[in-house]
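Peer 1: Take this sequence and fold it.
(one chain, ligands or ions: 1)
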Amino acid sequence: MSNAVETVGLGRRYGRHWALRECRLSIPEGRVVALVGPNGAGKTTLLNLVAGLIRPSAGSVLRFGEPVRDDPASLGRFAYLAQDSALYPGFRVADLLTFGRKLNPRWDDDLARDRLAQLGIPPRKRVRQLSGGQRAQCALVLASAKRPDLLLLDEPLASLDPLARHDVMALLMETVALHGTTVVLSSHIIADLVDTCDWLVAVNRGRIQVSGEIDELLAGHAVVSGPVDRRAHLPDRLPVVTESVNGRQVDLLTRATTDTFGPAWSVRPPSLDELVRGYLGAPDASALPGPVALAR
Ligand SMILES: Nc1ncnc2c1ncn2[C@@H]1O[C@H](COP(=O)(O)OP(=O)(O)OP(=O)(O)O)[C@@H](O)[C@H]1O
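Peer 2: Predicted structure coming up:
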């Protein structure tokens, strides 16, 4: 099985500013990837590079083992829902389906119609008559109906209310379960990703900070909590990623450790949210395959 996405030394510069640099990434096929990072971290730049919408300033991108090309065979295998994806406001939803059918050899019309019916979006409605959330849902249905092997979604949940976010994620999961689609999904709302994503990529200040299977990452870390005035008693070798003080308690996100601490200390696995916040708050720390840098 080849990787759905592989990048080597990938970088993109705007003028003198590197939006993304030295990005080495391997995303195995069939994964549902949470792409996270603060505003301006480089997530959209990464997605645009993988989609072939912009060219690298350095390095390379492979999709399913092949360089990004814009021939029909390569384009037919992926779909990209960009952050500012606009559907033509004057078109009826049914017209969008007709276009989809004509333009995409793998188009699944039944799937598109079923999903729209599930979401209560009538095909006769014009795009401008849909709410912002319905438009986002409609765009996602169109992208899924292309039956892509790789689906790139840039903040697909941003304009949706909690119920609609849940519906969209459920729809997405159905597509993944049916077709084994690899999905890369950028979002700022970690809670929405917990039940859905099995791979985490964190981008921070233009660099890939974390990449790996979520279960392994969680099992490979611990939260050590105890009294802040005993902090100095912890072993120096403790591989701390980041730490925060809450009142009299200090919480340390650490790499998994075999050290034992006194009764004053508790050790538990982190939540995904804690892991993500811990790394994004410590931009020099990383959890990548290969050499690891740890911040203290
Ligand atoms: N077309 C462009 N011209 C100049 N600079 C750009 C351009 N696109 C992105 N950048 C810069 O590249 C950096 C990364 O931007 P990018 O949009 O990839 O971040 P992001 O992680 O997607 O952010 P957000 O979460 O806010 O959408 C930012 O500093 C941004 O200002």
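Peer 1: in this protein, which spans are strands?
Peer 2: Using DSSP state E, the strands of the chain run over residues 3-14, 17-28, 32-36, 58-63, 66-67, 78-81, 150-154, 182-186, 199-204, 207-213, 221-227, 240-246, 249-255, 266-268.
Peer 1: Serialize these to a markdown table and add fields for mean pLDDT, distance to Val93 and mean neighbour count.
Peer 2: For every residue, glycine as well, the C-beta is placed using N, CA and C. Below are the strands of the chain laid out as a markdown table (pLDDT from 0 to 100; distance: least, Cβ to Cβ, whole Å; neighbours: other Cβ atoms under 10 Å):
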| stretch | mean pLDDT | distance to Val93 | mean neighbour count |
| --- | --- | --- | --- |
| strand 3-14 | 96 | 30 | 19 |
| strand 17-28 | 95 | 32 | 18 |
| strand 32-36 | 96 | 27 | 25 |
| strand 58-63 | 96 | 29 | 18 |
| strand 66-67 | 90 | 34 | 12 |
| strand 78-81 | 90 | 16 | 22 |
| strand 150-154 | 94 | 20 | 24 |
| strand 182-186 | 95 | 23 | 25 |
| strand 199-204 | 96 | 32 | 24 |
| strand 207-213 | 95 | 37 | 21 |
| strand 221-227 | 95 | 45 | 19 |
| strand 240-246 | 93 | 46 | 17 |
| strand 249-255 | 95 | 46 | 19 |
| strand 266-268 | 93 | 48 | 13 |
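Peer 1: Reformat these as TSV; add distance to Gly100.
Peer 2: Output for the strands of the chain, formatted as TSV (distance: least, Cβ to Cβ, whole Å):
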stretch	distance to Gly100
strand 3-14	22
strand 17-28	26
strand 32-36	23
strand 58-63	21
strand 66-67	24
strand 78-81	10
strand 150-154	14
strand 182-186	19
strand 199-204	28
strand 207-213	33
strand 221-227	43
strand 240-246	45
strand 249-255	45
strand 266-268	47
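Peer 1: can you tell which of those is closest to Pro122?
Peer 2: strand 78-81 (21.6 Å; Cβ to Cβ).
Peer 1: So which residues on the stretch 1-150 of the chain come close to the ligand?
Peer 2: Tyr14, Ala19, Gly37, Asn39, Gly40, Ala41, Gly42, Lys43, Thr44, Thr45 (Cβ under 6 Å from any ligand atom).
Peer 1: again, only using 8 Å
Peer 2: 12, 14-15, 17, 19-20, 37-48, 83 (Cβ under 8 Å from any ligand atom).
Peer 1: what does stretch 156-174 contact?
Peer 2: Contact partners of stretch 156-174, identified using Cβ atoms under 8 Å, 6 or more residues apart in numbering, comprise 32, 81, 83, 115, 118-119, 132-133, 135-137, 139-141, 144, 151, 153, 183, 185, 187-189, 192, 195-196.
Peer 1: then that stretch to PDB, C-alphas only?
Peer 2: Extracted in PDB, the C-alpha atoms of stretch 156-174 (Å, rounded to 0.1, in the frame of the first residue of the first chain):
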ATOM      1  CA  PRO A 156     -15.300  22.300   6.500                       C
ATOM      2  CA  LEU A 157     -17.000  22.800   9.800                       C
ATOM      3  CA  ALA A 158     -16.300  26.500  10.400                       C
ATOM      4  CA  SER A 159     -19.700  27.800   9.300                       C
ATOM      5  CA  LEU A 160     -21.800  25.100  10.800                       C
ATOM      6  CA  ASP A 161     -23.800  24.900  14.100                       C
ATOM      7  CA  PRO A 162     -23.000  22.000  16.400                       C
ATOM      8  CA  LEU A 163     -25.800  19.800  15.100                       C
ATOM      9  CA  ALA A 164     -24.800  20.400  11.400                       C
ATOM     10  CA  ARG A 165     -21.100  19.800  12.400                       C
ATOM     11  CA  HIS A 166     -22.200  16.400  13.700                       C
ATOM     12  CA  ASP A 167     -24.200  15.600  10.600                       C
ATOM     13  CA  VAL A 168     -21.300  16.600   8.300                       C
ATOM     14  CA  MET A 169     -18.800  14.400  10.300                       C
ATOM     15  CA  ALA A 170     -21.300  11.500  10.200                       C
ATOM     16  CA  LEU A 171     -21.600  11.900   6.400                       C
ATOM     17  CA  LEU A 172     -17.900  12.000   6.100                       C
ATOM     18  CA  MET A 173     -17.500   8.900   8.100                       C
ATOM     19  CA  GLU A 174     -20.000   7.000   6.000                       C
END
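Peer 1: wait, does that stretch make contact with the ligand?
Peer 2: No - on the criterion Cβ under 8 Å from any ligand atom, stretch 156-174 is out of touch with the ligand, staying 9.2 Å away.
Peer 1: For that stretch, list every residue counted as buried.
Peer 2: Pro156, Leu157, Leu160, Ala164, Arg165, Asp167, Val168, Met169, Leu171, Leu172 (16 or more other Cβ atoms under 10 Å).
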